[in-house]
Structures are given as C-alpha cells and as structure tokens.
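# 3D, please:
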Amino acid sequence: MRLCFLAPLREFVCLSMTRLPFLFLAILALLAGIWAGWLRIGWAWPNPQVMLPAAHGPLMVSAFLGAVISLERAVALRRRAAYLPPLLAGLGGLALITGLPWTLAAWLLLAAAVGLAAVFAVIVRQHPAVYTATMAAGALAWLVGNGLLAAGRPVYAAVPWWVAFLVLTIAGERLELSRVLRLSSRVINLFIISVAIFLGGVALTLVAYAEGTQFAGLGLLLLAVWLLRYDLARRNIRLRGLTRFIAVCLFSGYVWLAVGGALWLVVGGAVAGPLYDAMLHALFLGFVFAMIFGHAPLIFPSVLGRPMAYLPAFYGPLIVLHGSLALRVAGDLFGQMALRRWGGLLNGVALLLFLATTIAALVIGARKE
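Residues are numbered from 1 along each chain as shown. Here you go, the predicted model:
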C-alpha cells in the first residue's frame, strides 16, 4: 500500500526532472527571501551571512519571481535558449544567499533580464498585440531595474522598475485572457493610457524620485480600476471551485493594487521606514502574491507537465496573506511596530502555507492521474 502511494510521486519527479532544477533555485531564493524579510523587520533570529537582510528585495523580485516568470515563458516558447534567463536568475539568487560578491549577483540578475527581454522580442515579433507589448515593457523594466542595481545604485532606485516588471507582466496576461470578452477599442485605449501614465512616472523616478513615484501611483490606481471593472474575473467570481478561487485571488489583489497606488500617490518619495514598507508590500505581497496564489493551479501544471488538484485548502494561505498584510500595513501607518513585526512574520507563514498546499495539490493530482 505504501509503494502504491509513492509511485505517482516518483513518476512526477522523473517526468519533471528537466524543469525541477530551475524551480528548486527559485524556491530556494523564496525561502531565503522570507528569512531575510523576517530579519529586516526585526526578528532576532540566526543570520547565516551578514548581507542576507539587504538581499531581501533582489531575492524575492529577481531571483524568485524573475526566475518563475522566465521559466513560464521558456516553457511556452519551447526553445532551449529560453531556459537561460531562469537559470541565470536562480544563480544570481544563489550568489546572494551564499554571500558571494554583490556585484556578481547583480550582473547575473542583469544577464537574466537581458535574456527575458530577448525572449519577449521573439514573442512580440510572433504575436504583435497590446498584451504582448505590455509584457515586453515589463521585461524591459526588469532590465532597467537590474541594470541600476549592477551599476551600484541603491535598491530603492530599482524598486519602481521592479514594480513595473511585475505589474505590467500581470496586466498584460490579464488583458490577453480578457480577449474572450471582445473588449472595445475605447476600453483597450483606457488600458493603454493607464499603463502609459504608470510607465511615465516610473521613468521620471530617474531624475525626480518623489514626483515620479507619485505619478506612477496615479497610473497604478487607474490600472487597478480598469482591472476591477473589465477583467474576466468579474464574470468568473460567480462560478464555483477553482474558477471562483482564481477570481477571488485576482479581485483581492486588485484591491491591494489600488491601496498601493494610493500610498505611492500620497507618500511619494519615501525610501525607508514604515511608510515605505507599506508602499512596497501592498504591491509586492498584496497584489503580486495574490496573483501568484490564483495562477499557481494553472502555471505549475504547465511548467511541470503534471496535473494539479484543486483543494478548498487553497483559501487558507490567501486568508492568512491578506489578514497579515492588513496587520502589517496598519502597524506601518499608525506607528505600531509590534503589529508590523507580527504581520511580517505571518506574511512569511502565508507563503510557506502556499508552498505546502501547492505541493500537496501536485501530489494528489499525480495520484488521481
């Protein structure tokens, strides 16, 4: 009986072996990034290497999210060279974790961004459309952000570009999926205007950081309103099962996108402190990870080539994520550092719960198959 239970798991590992190393490096970066975040927020736990807390942002954005997004594109493109960006992103994360020179890690991450930009150049040439152009703009934003890091600029200078990378990648994917709604040219133009305002603000941060951040915040707000109004999830939230779960993830993420945009618009040029923490994590955790939670049941089967079961337990990590983030942001806004610290701790717990439920769903899916 025990062997019957393990057989699907062995098959899953064998058939996915060619892509598992890329995912392993990405998940390693995620785990190290969670630990680094806990250290940064004030938990006095063991620190394996002195630069790890400072590497929290690059680990989470470039080494984890950059690697996962690049891997998803490589699988879709079906070209061996397309697997180079996720490999370089993973190696950049490994360099940060092991304490190798910061410049080496930064250049590896920059090379990964160059590779993803090249991948999107191929995609846009094959499928010229507003949604592919939007995702390509996101890849270019990642390139600029990692370029600033490699040039020795502070992490906060790269942050608006990293936000643009993730927001535009997600917004482009949602626009692509919304094609079934046959959106009018007026609605598409509203999307383009929102993206243009956001990107204009991000570009302005190079010369006027405070004003550029505020302008970008306006673009984020407009984009959040567009997604709440026109995204396909608006229709799917009335359905059941996995489709409804995905819609709940998306809508909750869009709310955090609006909150983040409002904070950027009001706070402006903060580069450190509680308000800066709220500005960043409303977007990186509330928006981006809600999108990841919702898309994981679609992305992991595509990347690994294996089925993934839908579990009602998927709602658990999502509830913990949003509840803990609300606690953290409240602590940031009202100067309650204990709330902020506990919220940050539970943010990491939510991500670990997400990993655990994802692995369980993959194993159950393999057993059912």
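# Tell me where the stretch 201-350 of the chain has helices.
Ranges of helices within the stretch 201-350 of the chain are 209-230, 233-236, 241-267, 274-281, 290-304, 315-334, 337-368, based on DSSP state H, counting those that start in this stretch.
# between the ones you listed, which gets nearest to V75?
helix 290-304 (5.3 Å; Cβ to Cβ). In this view, the C-beta of every residue, glycine as well, is placed from N, C-alpha and C.
# What average pLDDT does the closest one get?
The average pLDDT within helix 290-304 is 85.
# rewinding a little: tell me which of the helices of the stretch 201-350 of the chain approaches L177 most closely.
For the helices of the stretch 201-350 of the chain, proximity to L177 was assessed by Cβ to Cβ; helix 233-236 is nearest, at 9.0 Å.
# next one: that closest one to chain centre, how far?
Relative to its parent chain, helix 233-236 has a centroid offset of 22 Å by Cα atoms, centre = their mean, to the nearest Å.
# what sits up against it?
Here helix 233-236 makes contact (Cβ atoms under 8 Å, 6 or more residues apart in numbering) with L181, L228, T243, R244, I246, A247, L250, F251.
# so the last one makes contact with R244?
Which is F251. No. Counting by Cβ atoms under 8 Å, F251 stays clear of R244, with 10.5 Å between them.
# Of those two, give the one with the bigger neighbour count.
Comparing F251 with R244 by other Cβ atoms under 10 Å, the one with more neighbours is F251, at 18 against 14.
# comparing the helices of the stretch 201-350 of the chain, which gets the lowest mean pLDDT score?
Minimum mean pLDDT among the helices of the stretch 201-350 of the chain: helix 233-236, a mean of 76.
# Okay, buried residues for that one please.
A233, R234, N236 (16 or more other Cβ atoms under 10 Å).
# which one of those is nearest P274?
Using Cβ to Cβ, A233 comes nearest to P274 of the buried residues of helix 233-236, at 31.5 Å.
# what's the distance between the closest one and Y131?
According to Cβ to Cβ, to the nearest Å, A233 and Y131 sit 16 Å apart.
# do the same with R341
40 Å.
# Then T98?
T98 sits at a distance of 38 Å from Y131 (criterion: Cβ to Cβ).
# so can I have JSON lines of the contacts of helix 233-236 showing distance to A67?
Formatted as JSON lines, those follow (distance: Cβ to Cβ, whole Å):
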{"residue": "L181", "distance to A67": "31"}
{"residue": "L228", "distance to A67": "29"}
{"residue": "T243", "distance to A67": "28"}
{"residue": "R244", "distance to A67": "29"}
{"residue": "I246", "distance to A67": "22"}
{"residue": "A247", "distance to A67": "27"}
{"residue": "L250", "distance to A67": "23"}
{"residue": "F251", "distance to A67": "27"}
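# Weed out the non-buried ones from these.
Neighbour-count burial within the contacts of helix 233-236 applies to L228, I246, A247, L250, F251; the criterion is 16+ other Cβ under 10 Å.
# residues contacting the nearest residue to the first one once chain neighbours are set aside?
If you skip the residues right next to it in sequence, L228 has Y254 as its closest partner in space, 4.9 Å away by Cβ to Cβ, 6 or more residues apart in numbering. With contacts defined as Cβ under 8 Å, 6+ apart, the neighbours of Y254 are A224, L227, L228, D231, F287.
# Can you pick out the most distant pair from those?
The most widely separated members of these, counting by Cβ to Cβ, are D231 and F287 (13.0 Å).
# Please identify which of those two sits among more neighbours.
F287 (29 against 21).
# do you know how far the more buried one is from R174?
12 Å.
# repeat for L199
L199 is 17 Å from R174, by Cβ to Cβ.
# what does A224 give?
Going from A224 to R174 by Cβ to Cβ gives 12 Å.
# burial measure for the nearest residue to V114 once chain neighbours are set aside, as a count.
Nearest in space to V114, with sequence neighbours left out and distances taken as Cβ to Cβ, 6+ apart, is L143 at 6.2 Å. Neighbourhood size, L143 [other Cβ under 10 Å]: 20.
# Quick one: list the elements packing against the helix or strand encompassing L143.
Assigned by DSSP states H and E, L143 belongs to helix 130-150. With contacts taken as 3 or more Cβ pairs under 8 Å, 6 or more residues apart in numbering; DSSP states H and E, helix 130-150 sits against helix 102-126, helix 155-177, helix 185-204.
# now do 10 Å
helix 56-58, helix 67-77, helix 84-98, helix 102-126, helix 155-177, helix 185-204 (3 or more Cβ pairs under 10 Å, 6 or more residues apart in numbering; DSSP states H and E).
# what's A36 in contact with, if anything?
The contact partners of A36, taken as Cβ atoms under 10 Å, 6 or more residues apart in numbering, are 29, 47-49, 51-60, 96-97, 348.
# what do you get if the cut-off is 8 Å, keeping everything else the same?
Residues near A36 by Cβ under 8 Å, 6+ apart: L52, P53, A54, A55, H56, L59.
# Just the buried subset of the residues you listed, please.
Among those, the ones that count as buried by 16+ other Cβ under 10 Å are L52, A55, H56, L59.
# What helix or strand is the residue nearest to the third one when sequence neighbours are not counted located in?
Just to be clear, that refers to H56. Sequence neighbours aside, A36 is the residue nearest to H56 in space, at 3.9 Å (criterion: Cβ to Cβ, 6+ apart). A36 is part of helix 20-41 when elements are defined by DSSP H and E.
# Give me the mean pLDDT for that helix.
Here helix 20-41 scores 92 as its mean pLDDT.
# Also stretch 107-114?
Stretch 107-114 carries an average pLDDT of 96.
# centre of the chain versus that stretch, how much separation?
Distance, centroid of stretch 107-114 to centroid of chain: 17 Å (Cα atoms, centre = their mean).
# ok, and what's touching it?
Residues outside stretch 107-114 that contact it (Cβ under 8 Å, 6+ apart): 58, 62-63, 66-67, 70, 84-89, 91-92, 95, 139, 142-143, 145-147, 149-150.
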